[in-house]
Structure formats: structure tokens, C-alpha cells
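> can you look at this prediction? I've put the sequence above it.
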Amino acid sequence: MVGASLAGIFGTAVPRAGWAQASFGGTRRLASPLLEQQWRVLSRLGYGPSPALLQSVQASDPRAWALSQIDAAHAASQAAARVPAELQSMAAPLPELFDGVKREREARASAPGKNPPDASAEEKAARPYDFSAPAQARYFVREQKQKAAAWQLAACSQPGLENPLLARMGEFWFNHFNVYSGKNVVGAYVGHYTLHVARAHALGKFEDLLLASARHPAMLIYLDQAQSVAAGTPGRQGQPRGLNENYARELMELHTLGVDGGYTQAEVRALARILTGWTLDPKHPSGFRFASRSHDGGPKTLLGQAFGNRLVGGGESEGLDALRMLARHPSTAQRICQRIAEFFVADQPPPALVQRLRQTFLTTQGDIRMVMRSLVESPEFWNPEHRLFKTPRDFACAALTAVQSTGDQQTWATTAGFLATAGQPLHGWQTPDGYKTDAATWLVPEALTRRVDFAIKLGQGGPPLDYLLPYLSAETQATLVQAPVGLRAGLLLGSPDFMSK
Amino acid sequence: MPFDSHPFSISRRSLLGQLALAGSAWAAPAAWGQSGRAANPDGRLVLVFLRGAYDGLSALVPYADRNYYQLRPNIAIAAPDGSAQTALALDSTFALHPALSPLLPLWQQGVLAVLPAAGSPDPTRSHFDAQHHWELGSPRKSSASQGWMNHLASLKAPRSDSGADKPGALGVGEANPFILAGPAPVQRVPRGQAATQKGALNNERTRDSVLKLYGGEDSLSQAFRAGAQSRAQTAQTLNENDMGAMPMMAGDRQEMLAANNGAPPARGLLLDAQYLGTLMRQNRRLRLGFLSAGGWDTHANQGASTGTLANNLASLAQALLQLRQDFSQPHDVVVVCSEFGRTSAENGTRGTDHGRGNALWLMGNKVQGGRWHGQWTGLAPGDLNEGRDLPVHHDFRGVLAQVLKASQGLNLTELEALFPGLVWDRDLDELMRTA
């Protein structure tokens, strides 16, 4: 049998206990608590140290630095993102993106067939993330999708390009309001969505974020809201169309109240009816319009509140009122703060912390910046017992940051390929719940060895990254200094110490 | 290594004793007493989970029910008339979606069966809660961190010291599905060419250094060493069986990179099935397999005899045929299911919304195939759950209990541990062959 010979190579037998217990790596023992705090703050409010980031955090008290980062990230969110020139088209105005989708459709209709006899197209498929040549009309969506993914990698690994906390918050909110770039033509709009929904409102009011996601073409298409109309509304060929519950359900279950937040199936339908008429507008800069002809103006009840059939209002304001009501609901505050605490503190965060964040959320009417301040001002955030295991994306972004990657075709393709194999492709989670972020999901034996592949590849030929040595355990340091110099960077990035944040 | 030791023989004997004692508390069907003591079932179980709730009313078409066509004016599958665009009659009640036609011979051979209306007793219409219930094996809220297939793997683990640490279950595709999560060691293999590559650890110098880094007794280091061993074995097995060189793999790899988010879900299922079959054939210690595919949440424009859903069903049929090749030992069983069903009526966008009961498929020589099992009450308005969905006539745990008893020889104590609150479903006592 194969197993017998391999057992010898890989050493001792494996215990039967679960891998992903809280103690996945033992307590990190560094020379001082300050070093631990610096690693923590850089790895959680960003994607880990680069030489410049280390300098910046070392020049300050970690707590003060964290608070200043929140303000810096908020300020950065108010300015346009510095999207590299070669990725710029992902940030194009929505009407241009709609136009690109239309041209792709026309190109495909005029030359049908999945793989046209076009050498340049095949060559292009073989070189993903190469944006040097202008995109062909028939590959518009794919090109946009890849540019959006490349931007994510650039944003999470180039602190000079994007504020690391803003990149982190962007990841968090994208995942909370997840869209799947592989569904329909969502991929054409996913880059715009990352910038103008997740990033623009990352540290603003939750209500504004919710509304921005609700009206964005990526979400309107992904959860079918664009098609949901009052029952009996005539369709394009005159046949009656009607309601689609998809968005209304996920809006309450995932985006706001939570599955136990206190709503019924009847209320899912009521909310779907309230939102009828919320659809796409390919010509408008917002990509959104309210189509009053397909709105169901009849009476509905949602969470005890009456909607529709009023003399004043109705129409689009029904949906606005409903979204506002959901955004301000205590169940929503609970759910959002629970997820923030899980993302930034621990897989099972202390209830007292969640309670404190919830209080801030409610008293500030969902001011995310204030919630983040509460978070870093909480002792729980700094408690070394509260450990987090890096997701594949955390790991890849941190490794790129550590080697000061500047982003190129090869890096993007390799990293995107690694994330796809690891089960966390960029913008690639099919269902609206978003990726899980806990150790129980990501601490998987075979997958750990693939992290090492990525690390070794990335570290090849580079300097040994000795600036990170103080942030590693004594055992790891001892192993590294004995290792061949050319391997050291890769081994450091692939070390157990590098897997926690 | 063959699965030749009989780790259950003792517990089986004590089970029979317990049954006699606990007879009143738990109405044991006659079949329990008859199950052959001599022939210890050694079947392998493969579960194929269609995430997102597939539309069972398109796969298993109740063509004789007029309500079906009234409820679904645009998306119903046309009643059988022998032409390609219509359903394939199974009997006077049901027909098969034309995209599933490759499965018809299996039905005719009597190794494919279906329950038209199975599901979870919990009424949630949340994908995520419902999937969690299925994977936990219990429709209750729970913070338990063990999925039922992991639990089953620990029940089936050889009781000897040697091999107690070897995986008895295999998952291909998903990073870490909850159904496999827990303390029992499980082999998890990624989709596509990555699984065939030995990686940096194949280099001796690199391996030595890396294993020094992960030399500790903490759980991360232990997991790493297990992973290194498992991975090398996976790659070796797949390469020895030419899986690394399959031309389809190369194409899909390219597509994966180009699309940057994995192979098309249902098509990926065929690749996953090929890996699963090869790895479980080469390593007989692996008795449990898990596969999944997404893309079934068809709220809009799902199509009918052709279209999105039909394409997914065609891919599913290919994957099941592949599994049939590799899992045709006397007690092997393949189960195909979703977290819930979809609305009986089409919605306003030519799709279907979240429902309740759904068709659940079983494939294997031990399955009483060529017929459907359990209750079917039709689609008349008064017979629908909340006026809109197929009701759940059979708890999924009752179905799985039948399967596990017949294919793996699990006793009642084990089944109840696996599925807390299990009620034996006597209506399904003919689901599996007893001979």
C-alpha cells in the first residue's frame, strides 16, 4: 500500500482530536506583549506587516495607532480608489459597463460557438490576468471579473495603494453583502460594486451601505430583484410576470435581521411585494430605477408596519422605508456586531463584547466607524487568548504584503489559482451567505500543505524577510536560521506562526 | 487493505440484546431481527448534496397530475410522448426529465429508486439553516461541531490501534463541508489538477525544513503532518490512475483560472466523482464519500426540457453514471439529495422559490430500485404544505437510517447516536433489499 512508505516520511501518527480547536497553534510566545499587539493590529486591521507598516506601528502605541487607522481608512473611503491604470475599466461608470455587456451579447450572437477558431482568444485564455491588450468584445465580462479580482489582490497587499483597514472592511462588507461573479453577468459589475458599495460605505452608516447594495446592478441581478414585479405585470412578449422572493428573503435572513430575527414567510412575500419595481437602468449613472408600472401598490404588513395603499407616499418610498426599518432593527445590530466580532476578534467572540458593539451600533444609528472604535477600545480585541486562524485569503494577502508584491500578471494568476484551489476564490462564493471565516472551516490538513506551496513559490529568489523574525516563536526562528538562505523567505511565509492573525 | 475485520460484530450482538429489552420503547420492525448476522454488510456510502435546493419537480415529473401543468405553465416538463423534448415515463405517475435519460437504464435494472417527497421536519426556508440540519443529522439548533458523516466515520473506524488514525471518509471538491467536520480523520481533496500535484514537499530539502517547522505536538503541526501524508498519497494514487493526465482536466484547469472561480459547479461534479471513485477504489479503508454541487437555486428562468436546470441535470446524470461504475459492490449506496424542495408553482420570473419536500434518489444494488417509495399525495391545492410546497412525507433521517442499516449494518443505538430523535420510518421498510 502507498500509505506505509509515506508514513515514515511524514513522521508521527496523527491524533484523533479535532484540528480546529481554539488551541490550533499553542499560544504564540514572543519576546514581549508589545510585539504580539503589533502583529495582531496589523494582521486584523489589515493583512499583516510590510516594512513600512511595521515602522509606522512601531512609532506609536498600538491602540492609538489602531484608532488613527480607523480615521485614516474613513478618510480614504471618501476619496476615489487609486485603481492601477491597467485595471481602470473595472471602475468605469455603470452605463459603460452595461454597454460592454450589451456588446458582448451582440458579439456572441453574431459569432456563436463556445470556442471560436480565434488564436488570439485562446492565447488570452491561457494568460489570465494579462490586461496588456485591449479586451475583445466577447470576453468583456471575463475581463471585468479578472480586473476586479486583481484589484482585490492589489488592495489587500499594497498598503501604499490602499489603506489596509479599508481593504479589510471592504472584504468584510463584500462578504456580508455577497454577490457571485460567476452568475449571469454579475461579473461585469463586481468591480464597481466593490468600490461604490463595500468600499465607499465601509466606515459610514450601515443604512447607506444597505441601500447602496440594494440598488446596485450586481445585487439586483445576483438575487433576481431586477426581475421581480407585481403579479400580472406584462413581460417583454406580453406574458404576465410576477414576484420573485429571492432578494427579499436574503435581505432579511442575511443582510439585516438574521434567520432568527423575527420574520415569517408571509413577511418575505410582503417585502418582495414592497420592493417590486426596483430594477436596472442601463442608462442612469446609478444603474438603478424604480419602475412604478411594475410596482405592487397593494397593502402589505412588514414587522407590524403597514405599507402601500396610502394617499401620500407609496411607490419607491415603500422600499426605502422598509430598508431603513430593517437597518435600524435591534436584530440587525445584533447580527452585524456578532459578525464584526467574529471577523476581528475570535471565532466565538465574548457575548459582552458583542453587546457593547451592539449598544454603539444602536446609539449611533449604525455608524460603522464608531462601532470599530468601540471594538479597538475593548480589552477583548487585545486579549491574546482570542486567536484567529488566517483564511486562505488572509494568508495570501499577508504573504504578498510581506514580500512587498507590486502586482503583475503572474502574481495575480498564481494567487487567484491558489485561492480557487483553497476553496476561497475571489468574488467566487456562489451563495449569498458569503465565506465563513473560522478555523473550523479553513484548518484542513491537505490544504495547509498547499499554503506552503504558495509560500515557497512566492519566496523563491527573494530576500529572507528577516525583518519579521521578532514576530515568530523562538522555535521557528531557530529552524529558519538553519535553513538554506534561498528557502528562508518561503519557509517563513509557510510557517505555523504566519498562519495566525 | 480490505475492510475485512468485523469491528461491529460485538456491538451488533449487543444491539440485538438491547432490542429485545427496549422493544416496547422503540417499535422495532421485523426486518431488524432478520438482518443477516453472517453477512456483515460492508457497503460504501456516497452522499451527493445538491446545494441550493434542486427542483425535484423537474427531475421527477408527476406528469399524470393536471395540477402540475396548471402550477407551472412555462416551466413544466412536457408529459411523455416519446419525443426528445418530453419526459420519460417511469410508471403511470412519474416520468424522468429528458436530461436524466442516461439514468433510465439504471431504473430499469432496478438499482435506482426515488422518494418523491422527503425532507427535514424543520420548516425553515433558509438554505443555510436547512443545509446545517442535513449535515448535522438533526433539525434542531445545535452548536455541535461534528457533522454526521464524520460521526459515522468514527463509528466505523477499526477499533484496533493500527489504523485508528487513518481517514475512513473522503470529501472531494469543497474545502471543508460541515458534514465531514469533527474529530474523526477525514481526507479532503480539492477539485481539479491541484489534487494530482505533490507540491513543494516533494522536494526533499524543502520537506525536511518544513517538517521541522511543523514538528510540534500542537494541533496545527499535527494537522499539517497528516495533510502532508494524505496529500502525497492522494497525488500518487491519482497519478498512478492517469487522473493527472486526463485531457478534460487540463481544459477545466484553464477554464478555472480564466473564470477565476472554479469549474462550472455541476460539471465539476463529474470530475469530483472520478477522483472519489479512484481514491476509494485504491484505498479500501475509505468507506464514506461526500460530493456536492451548487447552482441549483433556480429562482429565475430555470428553463424546462432545456435550459439552465436541464444542463445541471445532465451533468448530474453523468456524475451518477460515473459513480455507478465505481460503486457497484453489493452493499454500496449512493444518495442524492438537497436541503429542501422548491415551490410547486413557478414564480413570476419563470423560476421557483424555496419550498419543503423534495425528491431524494438512491442508487445501488441493495436499493429496491425501479420504483418510487413512500407517500405521494399529489399537487392538489389542499394537499400542499402552506398551500405552496410539497409536504415532507419522510424525514431524511428515516431514509438514511434505512440505508445505513442495510448497507453498513449499523445498529439502532448507533443510528440514534447519529441522528438524535430518529424515528424509524416503517413505511420505508421496503426501500432496501433484505436478501
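Thanks, I have the structure now.

> residue ranges of the strands in chain A, please?
Ranges of strands in chain A, per DSSP state E, are A:233-234, A:240-241, A:278-280, A:288-290, A:300-302, A:305-307.

> so which of the ones you listed gets nearest chain B?
Closest approach to chain B among the strands of chain A (CB to the nearest CB): strand A:240-241, 4.9 Å. All C-beta spots, glycine's among them, are computed from the backbone N, C-alpha and C.

> quick one on the thing from earlier: let me know which of the strands of chain A is tucked in deepest.
Mean neighbour counts were taken over these using mean count of other CB atoms under 10 Å in any protein chain shown, and the top value, a mean of 22, falls to strand A:278-280.

> anything in the longest helix seen in chain B sitting right up against chain A?
Criterion DSSP state H: the longest helix present in chain B is helix B:219-240. Yes - contact of helix B:219-240 with chain A (CB under 8 Å from any CB of the partner chain) involves B:219-234, B:236-237.

> now restrict those to buried residues only.
B:219-234, B:236-237 (16 or more other CB atoms under 10 Å in any protein chain shown).

> residues contacting residue A:399?
When contacts are counted by CB atoms under 8 Å, 6 or more residues apart in numbering or on different chains, residue A:399 touches A:454, A:455, A:458, A:493, A:498.

> wait, the last one touches residue A:490, no?
No - look at residue A:498 against residue A:490 with CB atoms under 8 Å: they stay out of range, at 10.7 Å.

> between these two, what contacts are shared?
The contact sets of residue A:498 and residue A:490 overlap at residue A:455 (CB under 8 Å, 6+ apart).

> do you know how far residue A:442 is from chain B?
Counting by CB to the nearest CB, to the nearest Å, the separation of residue A:442 from chain B is 7 Å.

> that residue and residue B:175 touch, don't they?
Yes - the criterion here is CB under 8 Å, and residue A:442 meets it with residue B:175 at 7.0 Å.

> hey, where'd the helices end up in the stretch 101-250 of chain B?
In the stretch 101-250 of chain B, the helices defined using DSSP state H, counting those that start in this stretch lie at B:104-109, B:127-136, B:148-156, B:204-213, B:219-240, B:247-259.

> quick check: mean pLDDT of stretch A:42-57?
The average of the pLDDT scores along stretch A:42-57 is 98.

> gap between it and the chain center?
Stretch A:42-57 has its C-alpha centroid displaced from the chain centroid by 19 Å (CA atoms, centre = their mean, to the nearest Å).

> only C-alpha atoms, please: export stretch B:320-333 in CSV.
Presented in CSV, the C-alpha positions along stretch B:320-333 are these (Å, rounded to 0.1, in the frame of the first residue of the first chain):
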residue,chain,number,x,y,z
LEU,B,320,-24.1,9.4,-11.3
LEU,B,321,-23.2,7.1,-14.1
GLN,B,322,-19.5,7.6,-13.2
LEU,B,323,-20.3,6.8,-9.5
ARG,B,324,-22.3,3.7,-10.6
GLN,B,325,-19.2,2.3,-12.2
ASP,B,326,-17.1,2.7,-9.1
PHE,B,327,-19.8,1.9,-6.5
SER,B,328,-21.5,-1.2,-7.6
GLN,B,329,-20.4,-3.7,-4.9
PRO,B,330,-23.3,-5.5,-3.3
HIS,B,331,-23.8,-3.1,-0.4
ASP,B,332,-22.6,0.2,-1.9
VAL,B,333,-25.2,3.0,-1.9
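
> where does chain A have its least confident helix or strand?
Least confident element among the helices and strands of chain A, by mean pLDDT, DSSP states H and E: helix A:2-10 (a mean of 45).

> any idea how far the residue positioned nearest the centre of chain A lies from residue A:453?
Nearest to the geometric centre of chain A sits residue A:171, at 2.9 Å (CA atoms, centre = their mean). Using CB to CB, to the nearest Å, one gets 23 Å for the distance from residue A:171 to residue A:453.

> and residue A:227, by the same measure?
43 Å.

> and what of residue B:278?
Residue B:278 is 22 Å from residue A:453, by CB to CB.

> next: residue B:406.
Distance from residue B:406 to residue A:453, counting by CB to CB: 42 Å.

> before we move on, back to that, make JSON lines out of the strands of chain A and add distance to chain B.
Formatted as JSON lines, the strands of chain A follow (distance: least, CB to the nearest CB, whole Å):
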{"stretch": "strand A:233-234", "distance to chain B": "8"}
{"stretch": "strand A:240-241", "distance to chain B": "5"}
{"stretch": "strand A:278-280", "distance to chain B": "12"}
{"stretch": "strand A:288-290", "distance to chain B": "18"}
{"stretch": "strand A:300-302", "distance to chain B": "16"}
{"stretch": "strand A:305-307", "distance to chain B": "19"}
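
> turn these into CSV, columns for mean pLDDT.
CSV is the format used below for the strands of chain A (pLDDT from 0 to 100):
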stretch, mean pLDDT
strand A:233-234, 92
strand A:240-241, 90
strand A:278-280, 98
strand A:288-290, 98
strand A:300-302, 95
strand A:305-307, 94
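
> for these, give me TSV that also has distance to residue B:360.
Below are the strands of chain A laid out as TSV (distance: least, CB to CB, whole Å):
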stretch	distance to residue B:360
strand A:233-234	36
strand A:240-241	32
strand A:278-280	36
strand A:288-290	41
strand A:300-302	35
strand A:305-307	39
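
> so for residue A:167, which of those strands sits nearest?
strand A:288-290 (26.1 Å; CB to CB).

> let me know how buried the residue of chain A found nearest chain B is, in neighbour terms.
Going by CB to the nearest CB, chain B is nearest to residue A:242 of chain A, at 2.1 Å. Neighbourhood size, residue A:242 [other CB atoms under 10 Å in any protein chain shown]: 21.

> phi, psi of it?
Per-residue torsions, residue A:242: phi -170, psi -150 (degrees, to the nearest 10).

> isn't residue A:495 right up against residue B:213?
Yes - between residue A:495 and residue B:213 there is a contact under CB under 8 Å: 5.0 Å.

> mutual contacts of the two, please.
Common contacts of residue A:495 and residue B:213 (CB under 8 Å, 6+ apart): A:476, A:479.

> then the longest helix of chain B to PDB, C-alphas only?
Provided in PDB are the C-alpha atoms of helix B:219-240 (Å, rounded to 0.1, in the frame of the first residue of the first chain):
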ATOM      1  CA  SER B 219      -2.800  20.500  16.700                       C
ATOM      2  CA  LEU B 220      -1.800  22.700  13.800                       C
ATOM      3  CA  SER B 221       1.500  20.800  13.400                       C
ATOM      4  CA  GLN B 222      -0.200  17.500  13.700                       C
ATOM      5  CA  ALA B 223      -2.800  18.500  11.100                       C
ATOM      6  CA  PHE B 224       0.000  19.600   8.800                       C
ATOM      7  CA  ARG B 225       1.800  16.300   9.100                       C
ATOM      8  CA  ALA B 226      -1.400  14.400   8.500                       C
ATOM      9  CA  GLY B 227      -2.100  16.600   5.500                       C
ATOM     10  CA  ALA B 228       1.300  16.100   4.000                       C
ATOM     11  CA  GLN B 229       1.000  12.400   4.200                       C
ATOM     12  CA  SER B 230      -2.600  12.400   2.900                       C
ATOM     13  CA  ARG B 231      -1.700  14.700   0.000                       C
ATOM     14  CA  ALA B 232       1.200  12.700  -1.200                       C
ATOM     15  CA  GLN B 233      -0.900   9.600  -1.100                       C
ATOM     16  CA  THR B 234      -3.800  11.400  -3.000                       C
ATOM     17  CA  ALA B 235      -1.400  12.600  -5.700                       C
ATOM     18  CA  GLN B 236       0.300   9.300  -6.100                       C
ATOM     19  CA  THR B 237      -3.000   7.400  -6.400                       C
ATOM     20  CA  LEU B 238      -4.500   9.800  -8.900                       C
ATOM     21  CA  ASN B 239      -1.300   9.900 -11.000                       C
ATOM     22  CA  GLU B 240      -1.000   6.100 -11.000                       C
END
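
> and the angle from it to helix B:204-213?
Angle, helix B:219-240 to helix B:204-213, by axes from the mean of the first three to the mean of the last three CA atoms, to 10 degrees: 150 degrees.
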